[in-house]
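K.L.:
All I have is the shape, not the residue letters:
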């Protein structure tokens, strides 16, 4: 149930962020070919929408294993070494993203007093995307590690 809910939230937020990006860029394009001035906030808004779209989609990419695999090297290894790699790589990656999650909280707190140049919101909102990405990737890595351990038992 939790897995479905997390996946659904990430999908919806990825779509909303992507549509926000498309609409702000479309507004920029339309304003360039009309007598209207391009609103100054559109550049920053499109950047924030892009960052959030990538942050939400990163967890989904981990869930569906859409990241790059170096199969050319992997397939040359003996089966025993492949089993070790199948567990070691997700564990090391999980540790790295947990460290990122911890430090992203500190980064968010540092960004709260700062204001964005054209939109005026606090930069902690922009930096919050790092926490979203690191926790969603960590969640799916944890599930993958549990699944790998369960499947490796005789």
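P.N.:
Perfect, I can see it now. These numbers come from a predicted model, not from an experiment.

K.L.:
Okay, now the unreliable bits of the protein?
P.N.:
Flagging of the chain using pLDDT under 70 yields the residue ranges 154.

K.L.:
And the helices in it?
P.N.:
2-32, 41-63, 71-74, 79-111, 124-152 (DSSP state H).

K.L.:
What helices and strands are in contact with the fourth one?
P.N.:
Meaning helix 79-111. Applying 3 or more C-beta pairs under 8 Å, 6 or more residues apart in numbering; DSSP states H and E, one finds that helix 79-111 contacts helix 124-152. To be clear about C-beta, it is placed using only N, CA and C from the backbone, and glycine gets the same treatment.

K.L.:
which other helices and strands contact the helix it packs on?
P.N.:
Packing contacts for helix 124-152, counted by 3+ C-beta pairs under 8 Å, 6+ apart, involve helix 2-32, helix 41-63, helix 79-111.

K.L.:
Out of the ones you listed, indicate the one that is most buried.
P.N.:
Ranked by mean neighbour count, these are led by helix 41-63 with a mean of 19 (mean count of other C-beta atoms under 10 Å).

K.L.:
mind listing what the residue lying closest to residue 121 once chain neighbours are set aside touches?
P.N.:
Closest residue to residue 121 apart from its sequence neighbours, by C-beta to C-beta, 6 or more residues apart in numbering: residue 115 at 7.1 Å. Contact analysis of residue 115 by C-beta atoms under 8 Å, 6 or more residues apart in numbering lists 121, 122, 123.

K.L.:
Bridged to residue 115, which residues?
P.N.:
Listed by DSSP bridges, the beta-bridge partners for residue 115 are residue 122.

K.L.:
Quick check: the gap between it and residue 108.
P.N.:
15 Å (C-beta to C-beta, to the nearest Å).

K.L.:
on that earlier part again, tell me how far the residue nearest to residue 121 lies from residue 44.
P.N.:
Taken as C-beta to C-beta, the span from residue 115 to residue 44 is 11 Å.
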